[in-house]
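# predicted model, plus sequence, below.
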Amino acid sequence: MDFEPKILGIACNWCTYTGADLAGTTRLKYPQNVRTVRVMCSSRINPSFIIRAFQLGADGVLVGGCHPGDCHYGTGNLYARRKLAITKKILEFAGMDQKRFRVEWISASEGNKYAEIVEEFTRDLKALGPQNTFRIEKDSRERI
Amino acid sequence: MIGSKGSLNADHCEKEKVVFKKITLEKLGDLVSALKEKGPLYAPVRDGKAVNFQKITKTADVTLDFYNTVFSPKFVFFPQTEDLIRYTLQKEGAQAEPVPIAASPSVILGVRPCDAKSFEIMDRHFLGAGIIDPYWKNRRDNTVVIGYAFDPAAPPDPADFYNTVGIHAADTEGSDVFMVRKDGELLLKGITKKGESLLKGLAVLDAASAQDEAFFDETIRKDRGVKTRFTEITDTAIAAKLVGSFEKQEIWEEMTASCIGCGTCTFVCPTCYCFDINDETLFRKGARKRFWDACMFTDFTLEASGHNPRPRIFQRYRQKVCHKYSYHVTKYGCISCVGCGRCTRSCPVNIDIFSIVEKVANL
Amino acid sequence: MSRIGVFVCHCGLNIAKTVRVSELAEFAGTLPDVVVAADYKFMCSTPGQELIQNDIKKYNLDRVIVAACSPLMHEKTFRKVIANAGLNQYLLSIVNVREQDAWVTDSEDEATAKAKALINGAVYRARLLQPLTARFIDVNSDVMVVGGGITGIQAALELAETGKKVYLVERNSTIGGHMAQFDKTFPTLDCSACILTPKMDAVLQNPRIELMTYCEVEEVKGFVGNFDVKIRQKARYVDHSKCNACLACTEKCPGRGTSEWDEGLVKRKAIYIPFPQAVPQKPVIDRNACTYFKKGKCRLCEKACGQSAIAFDQEDTFREIKVGAVIVATGYDLMDTKPLVQYGYGKYPGVYHALEIERLFNSAGPTGGKVVMRDGREPQSIAILHCIGSRDKNHCEYCSRVCCMYSLKFAHLLKEKTHGDVYQLYIDMRAPGKGYEEFYNRLVEEDVKFIRGKAARVTDKTDNPDFAGKLVVEVDDTLTGRFATIPVDMVVLSPAMKPRTDAKEMARLFNLSTDKYGFFMEKHPKLAPLSTMTEGVFIAGACQGPKDIPDSVAQGTGAAAEALTIVVKDRLELEAATAIVNPASCCGCQSCVRVCPYGAPVFNREKNVSEINEALCKGCGLCAASCPASAIFTRHFTNDQVMAEMEGLMEF
Amino acid sequence: MTNIKQIEENLKREAKRLLESKEVSVVLAYARGYDEHHPLPYAARTAGEVGNLIFNEYCTYNLARYLTKYPPKTKIAIAVKAADSRAVVQLIQEEKVKKEDLVILGIPFIGMKDPKTGEEIDQKTTCHMANPVLYDILLGEEIRDAGAGSPYDVLAELEAMDQAARWSFWEKEFSKCIRCFACRKACPMCYCDPCFMDASRPRWADKSPTADGNLMYHLTRFYHLAGRCIDCGECSRACPMDIPLHLFHKKMAKECETMFGQAAGMKIDDKPVMVNYGNQDSDEMLK
């Protein structure tokens, strides 16, 4: 069987999650590789969540928020942008392929953008193959 | 003094049936290979600037050119982490299985006298407190300790204070085999039956001469003269002093003012045995783990209610000193410190535990 | 150990067509802690709801998972369902197997596999869900309107009309604002005072409006529904409770101050009302102009006053009021054109700015409505310069929106009053309002000379002897492509509308954000143009950006309606999923205080920990993600809940 | 550069003056440890205790770490070298200490030695500055001819690696971690107590030192210090396992400087970058 990457999505309630719903309402088809956690705002995302997602075996992580300036909470995603930017740098310097971590601003009206991004991301991750950098090897946790 | 209390592992051999061998340093590799065949071998390995005991995979890694390791070899008997139980969460509840206690016969090569002594102090706790810790016991029983004398010609590290706690630079106590370096050779003497039978089974070793034996005894004699520090402390006196000073908060605060509250001193210490037990689960699989804890950490005594009996650093530091030099004396009859100086050397802010003990002794 | 029930909805065929629903329910039944799993045609239907409620009772469930449509669709429905069965409504997790699963694939296998992973994630999360209780606060039904310009007046009147008590706070001694300075209003050219003064009077007459002129907001505390506002009543030196507005005092006064209302074109008395129709009609003393305050003697006004209303010993007083909502309508300032030295304002007496011209037109103005210049001459030629400071990257990048139209109005009035030559120097003519384009067309007919180009310079130096004594306006005419020099007697500048100089201070008082120019930021540019990030505080009029009178009035009315949505309620439901600080873990770094858009976290210096005012918290979670010590819990989206959900999602 | 003995004398003189005049109640500096090569951070509280103060090449330790343990409004004089002064500035930015409560005794000196190894500390492993950025009293002459180069030069090797090589480098380094937490405890900016690692809901990382838990601990800590780390190198020196933590911190500092245009601990009225946003921010940062 072909490699099917697992993508952990983290989407803000007001824009990206709603946009993802819209993709469904308009019956757009995209790969079923993304599993989404809903949070109220992209600024809720603690960078440790991203690290954890990779440790749990995510082959890619997709964070979605409102376009900067359109945040439901005004400035939340402006802070989020900095947090996520530095998260990206951390992952990269630690040796994680930074292509596995995507941040996208997807508004509630951009169902098609959501579908396109999931499609594209899934394709990219298939090309990259499984993520074994941070993934916890369950049987090698003991050490002496 | 510690030595006067005797050892729980006392199966010292008779004087006349001494097993005494030697090997040239060039053939250290052969010795290492031979020891490795007996089972897992732990020996000093240089990694960057530091030398530490490691489980040997490559013969050439072993070095005997070191003063002392950064970490004590206690982890051979008491690993930093070990699984006690492994379990799987299921619909009907957890399926758990204890991890079998199985230790193959192993050898630790190159243990300094103070560290060898530390094993005996730890025995009192893990074996002599009324409950026998099977993990410790199993590994202790199956391991041969090859002690290694300090070079009497080299000055001791200023952080060391082993002779002030009654241990000498070439004490054989705690070792099964004791090793002395003579120019390009290693002299190995069997101290216990376990040690002797190990030596007997090592074909790579040559027989040692009477001259060698004289050198061996001379080294031990000379090493008795190696002085680390000059304040003499006695177990019971310091234990009493500490009890008396407990309430003198200001003094303790002042003495420990620079402590930052990390756990380095306890982790490098050969006689710190505190551990925590925690269940750690990922998805549905998990293990009940035992792992080192440090009394210097804030959460060491944190209670579920949120109350912490030792919220401040001076309280935790005082606990560490009192435990080692007072409570341990009361409970096990000796202080729980071998003066190896590791805590002092590793301390990020150069706190010297012995200076604190000295101050208390002189109060 | 939790007791979880999983309920899988078919949604007719919407879900069941692609997701194998019975297989899904069966799978859910195998998960640890799941005690019952069922599927049904329509979970949101009455029988579906009853199925859930019966199972809650039958199996003693303490957590419910519904795999159905998006939580944005039916989360509220199912919360009610479980609440009616006695479970806390927050012990519910919705799994979106319709919009984000069944509808976006044709593959049964893929859809079913994804649904399983999603349910597993929900089970992991459900175990850690905590019951939450909605909290209510009482709402103060009064409203404060800050700013007594046309916007504030409109808002106050509308609110009072609904029966609410309104405090109208104005820093000047009269309400009316900039509109009171205007002579005519575009495009209808009706008299500004004629339409404004009845409204000002209506404010005065309305028993539900407490007019607080000569007052400034000093401090704002509290939160939506319960603001505590401290107001400074500046000393008037006239006891308005005694004053009968006879104004005898003003006649006797020898002091001279600069008339703000007349834009400094004339002097006024030291004890004065700004203009004849001022509301209230009671004078104040300008300390800086008063002879008594300056020299220690005079007190002529005191002698003239039959009411003994003069009170030289008055001091600023403070008053605390409680309101449920606030409307900020603090208006704008006209840009100071002096720094734009190329236009010579302040250097050449023949250069005027827009508000000065308004006053020259006005029959109550310094010239009695005649257009005569500072030197007494009537101008024979006038150039009106558009976009002074506006649409200029070096000053105000934005378009001030009203200048084109009032410049046209000026042209019309100047033409009418002077019969001189009138030039309009414009970049683009912007006339998008109702009747505006028609007004422009009308002016084109009126022999006004339109030159498309931004004036480069105004100077009195010229080599051309014909231009002697004239002001020469230099402009690149972009229609002809030629550089033109226009000799005129008078130059009128149409400067940018800017935020009030103290807008930042005001923003800090009310915890508003400002845009890059300093105008107050609305919550959403399209959908919440009057709301702000501070709940219960609304903005209206030119304090949000340049606006003309109709827009300002519309916003005033709109803000009144917005404020009403709050104060009409007795109690306000607060967000239950708010953040809370665990004081035992807080390291006092104040990251939360620095990032919160709502000012909900406050640093308690005594305890050295942050505390969150839950009435202000909107539950976005920014503080929790910014907290290095993990001391903040965003209820319903706590770190452990999110981490557990991720673990569940990634297991299979 | 002023002679180190002279600096010590100046330090003692100023400390005595400050304590005698009651301008401060504590002088944070160094005293002799168990030998002169191992000085101890020391808080002198009386003029009489000033005699215990020393300053030599081994007085490496960043004393800013101790500032946060004093109750608010304590008047403190603190001896700082270049990087240490940046820590003080950063703490002022974060309102953990107030400038008006501090008398900053600046020490311009290059050539400190690591007490553990006795070797001179390579400037490149720290913030590569010679003079304190903020001080009230400078205890020596300002150094004008400080060495050339950037504090980020040492990153070249790691930056040039491909991702797999970098991961194997860090994987090996992090696997050494024994969770003694010396890095966080030695860090002047790590003043959280308890730390996120001590939290039990959730446990961000296993309490036992597992490789994945170590990864979570260190990466998260790098994040917490992004834009705050003042590059004193104390974490790496404190580490008994010799994990080169400073390299990662440096990289984050470099990225923050590039993206947000602000280095940590340079100006007291800066706002920490990770609790801020700016007009220059763009989505390019996420590329």
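Here it is on my side, so go on.
# average pLDDT for the host helix or strand of C:L72?
Mapping C:L72 onto the secondary structure by DSSP states H and E places it in helix C:71-84. Rounded to a whole number, the mean pLDDT of helix C:71-84 is 93.
# mind listing the helices for chain A?
A:16-25, A:47-55, A:76-94, A:111-128 (DSSP state H).
# err, the stretch 251-363 of chain B, not the other one
When secondary structure is read from DSSP state H, counting those that start in this stretch, the stretch 251-363 of chain B shows helices at B:264-268, B:313-322, B:328-332, B:342-346, B:353-361.
# for B:Y162, find the nearest of the helices of chain A.
For these, distance to B:Y162 was read as Cβ to Cβ. The smallest value, 41.7 Å, belongs to helix A:76-94. (Each C-beta comes from the backbone N, C-alpha and C, glycine too.)
# alpha carbons only: can I get that closest one in CSV?
Written as CSV, here are the backbone C-alpha positions of helix A:76-94 (Å, rounded to 0.1, in the frame of the first residue of the first chain):
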residue,chain,number,x,y,z
GLY,A,76,-4.2,37.0,18.4
ASN,A,77,-2.9,35.7,15.1
LEU,A,78,-0.2,38.5,15.0
TYR,A,79,1.2,37.0,18.2
ALA,A,80,0.6,33.5,16.8
ARG,A,81,2.6,34.4,13.7
ARG,A,82,5.7,35.2,15.7
LYS,A,83,5.2,32.1,17.9
LEU,A,84,4.8,29.8,14.9
ALA,A,85,7.6,31.5,13.0
ILE,A,86,10.0,30.8,15.8
THR,A,87,8.6,27.3,16.2
LYS,A,88,9.5,26.7,12.6
LYS,A,89,13.0,27.9,13.1
ILE,A,90,13.3,25.6,16.2
LEU,A,91,12.1,22.6,14.2
GLU,A,92,14.4,23.4,11.4
PHE,A,93,17.5,23.8,13.5
ALA,A,94,16.8,20.7,15.4
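# and it, what other elements does it pack with?
Applying 3 or more Cβ pairs under 8 Å, 6 or more residues apart in numbering or on different chains; DSSP states H and E, one finds that helix A:76-94 makes contact with helix A:47-55, strand A:60-65, strand A:101-105, helix C:622-626, helix D:163-175, helix D:211-225, helix D:245-260.
# on that earlier part again, so can I have a markdown table of the helices of the stretch 251-363 of chain B showing mean pLDDT and mean neighbour count?
Conversion of these to a markdown table gives the following (pLDDT from 0 to 100; neighbours: other Cβ atoms under 10 Å in any protein chain shown):
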| stretch | mean pLDDT | mean neighbour count |
| --- | --- | --- |
| helix B:264-268 | 95 | 26 |
| helix B:313-322 | 95 | 20 |
| helix B:328-332 | 93 | 17 |
| helix B:342-346 | 94 | 24 |
| helix B:353-361 | 92 | 20 |
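# could I get these in JSON lines, plus columns for distance to chain A?
JSON lines is the format used below for these (distance: least, Cβ to the nearest Cβ, whole Å):
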{"stretch": "helix B:264-268", "distance to chain A": "14"}
{"stretch": "helix B:313-322", "distance to chain A": "25"}
{"stretch": "helix B:328-332", "distance to chain A": "26"}
{"stretch": "helix B:342-346", "distance to chain A": "20"}
{"stretch": "helix B:353-361", "distance to chain A": "27"}
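# tabulate those helices (a markdown table), appending distance to D:I78.
As requested, the helices of the stretch 251-363 of chain B are exported to a markdown table (distance: least, Cβ to Cβ, whole Å):
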| stretch | distance to D:I78 |
| --- | --- |
| helix B:264-268 | 24 |
| helix B:313-322 | 19 |
| helix B:328-332 | 38 |
| helix B:342-346 | 25 |
| helix B:353-361 | 24 |
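# which residues are contacting the strand or helix carrying C:L443?
Element membership for C:L443, per DSSP H and E: helix C:436-445. Outside helix C:436-445, the residues within contact range by Cβ atoms under 8 Å, 6 or more residues apart in numbering or on different chains are C:F186, C:P187, C:C404, C:M405, C:L408, C:K409, C:A411, C:H412, C:Q424, C:M429, C:A431, C:F450.
# how far off centre is that helix?
Relative to its parent chain, helix C:436-445 has a centroid offset of 32 Å by Cα atoms, centre = their mean, to the nearest Å.
# so for the following helix or strand past that helix, what gets flagged as buried?
Taking DSSP H and E as the definition, the helix or strand that follows helix C:436-445 towards the C-terminus is strand C:449-452. In terms of neighbour count (16 or more other Cβ atoms under 10 Å in any protein chain shown), strand C:449-452 has its buried residues at C:F450, C:I451, C:R452.
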